[in-house]
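here's a sequence, model it:
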Amino acid sequence: MSAPAAPAAPAAPAAGLSATSLYCGDLDSNCTEAQLYELFSTIGPVVSIRVCRDLITRRSLGYAYVNFQQGADAARAIDVLNFNVVNGKPIRIMYSQRDPALRKSGVGNIFIKNLDKEIDNKALYDTFSQFGNIVSAKVAADGQGVSKGYGFVQFAEQEAAQQAIDKVNGMLLNDKQVYVGPFQRRGERGGGPTTFNNVYVKNLHESVDEDKLKEVFGAVGKLTSVVIMKDGEGKSKGFGFVCFEESEAASEAVEKLDGYDKIEDKAWVVCRAQKKAEREAELKAKFDAERRERLEKMAGANLYIKNLEDTVDDAKLRELFAEFGTITSCRVMRDASGASRGSAFVAFSSADEATRAVTEMNGKMAGTKPLYVALAQRKEDRRMRLQAQFAQRAVANGGMPGMPYGMPPPGVPGAMYYGQPPPGVMGPPQPQPGFGFQPIMPPGPGRPMGPGGPMQYANMPMPQRGGMPGQRGRGGRGGAQGGRGARGQNMRGFNQNMPPAPPAPNMPPAPEAPMSAVEQLAAQLPNASADQQRMLLGEALYPLVDAVEPASSAKITGMLLEMDQSEVLHLIEDSKALSDKVQEAVAVLKAAASEDA
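Numbering: from 1, shown residues only. Have a look, this model is predicted:
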């Protein structure tokens with residue numbers, strides 16, 4: 001292609017464009033109004049300059065508006081200052097288009113691809129300026145400013161754009177054949193499986209060049225461009241692109257040439273060219289479908305096992321469950337150091353085999369520990385199921401899901417309180433730790449409510465040490481006599497001589513089936529934030545852990561709170577499971593202490 005003619009002086013702006021207002025784009029993020037004023041004031045009197053910025057961060061959006069007093073100065077600024085370098089980046093100047101409908105219409109806009117990397121905005125502008133008045137010329141570039149091989153040119157007149165397409169399409173620019181066509185918005189481009197022009201070819205032998213692709217694909221239809229991608233040394237990367245003039249020819253090429261293997265005995269892969277985002281979305285949908293299919297196939301056949309001994313590995317676990325059917329996978333979960341976490345997963349070939357394994361192995365002793373075996377569930381499904389169960393129980397017992405922990409159901413008189421009593425009702429005195437009384441615990445297994453349970457201490461008056469509250473005996477903290485024996489004797493006398501406390505006034509009898517503390521806690525969790533959930537679980541779990549292992553109760557509680565909520569609720573409800581888990585945590589802490597030593 002011959003060298004382009006020198007561009008003429010800028011013509012008057014097209015209809016809809018302001019004669020004195022300019023758009024200045026591709027600005028560096030640190031470019032300021034002062035720098036632009038210093039540059040544009042060399043052309044003529046400047047009325048105003050504004051760099052557009054983000055409303056919150058106040059960072060530059062990369063473009064600005066410059067207003068001159070006279071239209072001639074604005075036209076001269078485009079001619080003289082366009083593509084000048086400011087802060088290391090060439091700026092792009094065009095007339096400001098105030099009408100967004102015209103700005104987005106694409107009239108006079110053309111698209112150029114297969115550009116040489118050396119062609120920049122100015123070279124593109126100079127090349128196409130011979131066909132008419134150019135509003136804007138831009139080469140697409142990546143984050144490092146390297147050309148992506150395509151660009152856009154917008155003319156003031158549609159006739160100039162069509163003339164550029166007719167004259168330049170298929171010509172050589174810097175020894176590369178370029179494609180020039182009308183610009184199409186993303187939603188208008190042919191991208192469906194039956195309307196595409198661009199074909200992707202891979203698995204090419206390094207001896208295959210662009211002439212060979214033209215020979216093979218040219219037999220199917222008229223080509224507009226052919227390119228083989230190459231590395232920095234000019235060697236073929238093994239793939240390329242072929243663009244047809246008609247979409248029917250592109251579809252025919254994919255159908256006929258996919259698997260073409262007459263060159264170097266290598267089978268080509270020919271398919272519709274896709275953008276990276278479209279290809280990733282398609283692959284993600286494919287993988288998600290395969291994952292769902294795999295989960296549906298394994299539904300009811302995958303088992304979760306916990307409470308394993310540390311010595312159990314994959315082989316021993318497979319031996320334990322091999323008698324129930326064909327095991328497709330078997331794995332003991334381990335931490336980063338390789339130590340067993342005491343849990344595992346075993347997948348069978350059918351749901352019937354897994355059901356039989358659950359029936360016979362759940363609770364069975366494996367070494368010194370009873371196994372817990374159940375059907376595996378996704379974390380979200382398990383949490384939703386437990387929350388639904390506890391909420392259903394709460395409603396059935398007259399409670400309401402989501403009410404504050406420790407509060408009775410609204411409208412239920414005489415319900416037991418674990419916090420402050422309702423206004424106007426005298427609550428039972430609260431015993432203090434250190435006086436020989438147990439703290440009030442939420443009810444649960446091993447802690448029945450009623451006679452013999454923790455609530456009998458809630459209804460007893462506060463014992464005194466050596467006199468009235470707040471007084472010290474002569475023996476100091478041990479009372480008048482001092483020592484453990486005196487305190488124990490004092491307590492025995494107190495328990496024997498103190499008559500039962502009468503019920504508090506205005507307190508109707510308790511309902512027959514109050515909600516358990518675990519049910520109340522589970523009902524409240526869905527409406528709490530993550531921090532609040534952890535706090536609620538910790539408040540309920542800590543006193544139980546402290547009763548088993550007071551020396552390290554805080555650390556162990558923190559360790560247990562890292563488990564799933566459903567497992568924490570199970571520990572709160574099952575004292576035996578809690579005791580076992582606490583002992584495991586103690587062993588972990590001792591092992592960590594010995595390693596540090």
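
so who does the closest residue to residue 183 other than its chain neighbours touch?
Using CB to CB, 6 or more residues apart in numbering and skipping residues adjacent in sequence, the residue nearest residue 183 is residue 109, 3.9 Å away. Where C-beta positions appear, they are placed from N, C-alpha and C, glycine not excepted. Applying CB atoms under 8 Å, 6 or more residues apart in numbering, we find residue 109 in contact with 152, 153, 154, 155, 161, 182, 183.

got the contact list for residue 43?
By CB under 8 Å, 6+ apart, the residues touching residue 43 are 68, 73, 76, 77, 80, 81.

buried ones from the contacts of residue 109, can you make that a ChimeraX selection?
Only the buried entries of the contacts of residue 109 go into this ChimeraX selection, using 16 or more other CB atoms under 10 Å:
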select :152,153,154,155,161,183
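
helices - which of the contacts of residue 109 land there?
If you go by DSSP state H, the contacts of residue 109 have residue 161 in helices.

between the contacts of residue 109, which is nearest residue 128?
Checking the contacts of residue 109 against residue 128 by CB to CB gives residue 153 as the nearest, at 4.9 Å.

how about residue 163, nearest residue that isn't a chain neighbour?
Using CB to CB, 6+ apart, the closest residue to residue 163 is residue 131 (5.0 Å).

that neighbour - how many residues pack around it?
23 (other CB atoms under 10 Å).

ok, residue 127 next?
Based on other CB under 10 Å, the number of other residues close to residue 127 is 22.

element containing it?
helix 121-128 (DSSP states H and E).

same check on residue 381?
Judged by DSSP H and E, residue 381 forms part of helix 379-396.

helices or strands next to that helix in the packing?
Secondary-structure packing of helix 379-396 (3 or more CB pairs under 8 Å, 6 or more residues apart in numbering; DSSP states H and E): helix 517-524, helix 565-573.

residue 145 is nearest to which of these?
Nearest of these to residue 145, taken as CB to CB: helix 565-573 at 50.6 Å.

can you show me the CA trace of that closest one as PDB?
C-alpha atoms of helix 565-573 as PDB (Å, rounded to 0.1, in the frame of the first residue of the first chain):
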ATOM      1  CA  GLN A 565     -21.700 -25.500  63.700                       C
ATOM      2  CA  SER A 566     -23.600 -28.800  63.500                       C
ATOM      3  CA  GLU A 567     -20.700 -30.600  65.200                       C
ATOM      4  CA  VAL A 568     -20.500 -28.000  67.900                       C
ATOM      5  CA  LEU A 569     -24.200 -28.300  68.600                       C
ATOM      6  CA  HIS A 570     -23.700 -32.100  68.800                       C
ATOM      7  CA  LEU A 571     -21.000 -31.600  71.400                       C
ATOM      8  CA  ILE A 572     -23.100 -29.300  73.400                       C
ATOM      9  CA  GLU A 573     -25.900 -31.800  73.400                       C
END
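
pLDDT averaged over the helix holding residue 381 - what is it?
Helix 379-396 shows an average pLDDT of 73 in the prediction.

give me the distance between the two termini of stretch 331-344.
6 Å (CA to CA, to the nearest Å).

which parts of that stretch are buried?
By neighbour count on 16+ other CB under 10 Å, the buried set for stretch 331-344 is 332, 340, 342, 344.

make TSV out of these and add distance to residue 118, pLDDT and secondary structure.
As requested, the buried residues of stretch 331-344 are arranged in TSV below (distance: CB to CB, whole Å; pLDDT from 0 to 100; DSSP: H, G, I helix; E, B strand; the rest coil):
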residue	distance to residue 118	pLDDT	secondary structure
332	60	92	strand
340	61	90	strand
342	64	90	strand
344	61	92	strand
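
show me where the stretch 101-250 of the chain has its strands.
109-113, 134-141, 147-155, 172-173, 176-177, 179-182, 198-202, 223-230, 236-244 (DSSP state E, counting those that start in this stretch).

same question for the stretch 301-450 of the chain.
Using DSSP E, counting those that start in this stretch, the strands of the stretch 301-450 of the chain run over 302-306, 327-334, 340-348, 365-366, 369-370, 372-375.

winner for burial among the ones you listed?
The highest average neighbour count among the strands of the stretch 301-450 of the chain, using mean count of other CB atoms under 10 Å, belongs to strand 302-306 at a mean of 21.

and it, what other elements does it pack with?
Partner elements for strand 302-306 (3+ CB pairs under 8 Å, 6+ apart): strand 340-348, helix 351-361, strand 372-375.

next up, the contacts around residue 354.
Residue 354 neighbours (CB under 8 Å, 6+ apart): 300, 301, 302, 303, 324, 325, 347, 348, 375.

ok, so of the residues you listed, who is nearest residue 533?
Using CB to CB, these come closest to residue 533 at residue 375, 25.2 Å.

how much space separates the closest one from residue 84?
Using CB to CB, to the nearest Å, residue 375 is found at 70 Å from residue 84.

same deal with residue 390?
Residue 390 sits 70 Å away from residue 84, going by CB to CB.

of those two, give the one with the bigger neighbour count.
residue 390 (25 against 14).

follow-up on the earlier one: could you list the buried residues of the helix holding residue 127?
121, 123, 124, 125, 126, 127, 128.

and stretch 41-54, by the same measure?
Under the neighbour-count criterion of 16+ other CB under 10 Å, stretch 41-54 has 43, 46, 49, 51 buried.

with the residues you listed in mind, which one is nearest to residue 229?
Among the buried residues of stretch 41-54, residue 51 lies closest to residue 229 (CB to CB), at 38.6 Å.

sorry, back to before: what angle separates the helix holding residue 381 from helix 565-573?
With axes from the mean of the first three to the mean of the last three CA atoms, to 10 degrees as the basis, helix 379-396 and helix 565-573 are set at 50 degrees to each other.

tell me the contacts of the residue nearest to residue 356 when sequence neighbours are not counted?
Excluding its sequence neighbours, the residue lying closest to residue 356 (CB to CB, 6+ apart) is residue 324, at 5.2 Å. Residues in contact with residue 324 (CB under 8 Å, 6+ apart) are 348, 353, 354, 356, 357, 360, 361.

and the gap between residue 238 and residue 72?
Residue 238 is 56 Å from residue 72, by CB to CB.

list phi and psi for residue 313.
phi -110, psi -170 (degrees, to the nearest 10).

was I right to think it contacts residue 334?
No - using CB atoms under 8 Å, residue 313 makes no contact with residue 334, being 9.4 Å away.

need the overlap of contacts for those two.
Between them, residue 313 and residue 334 share the contacting residues residue 340, judged by CB under 8 Å, 6+ apart.
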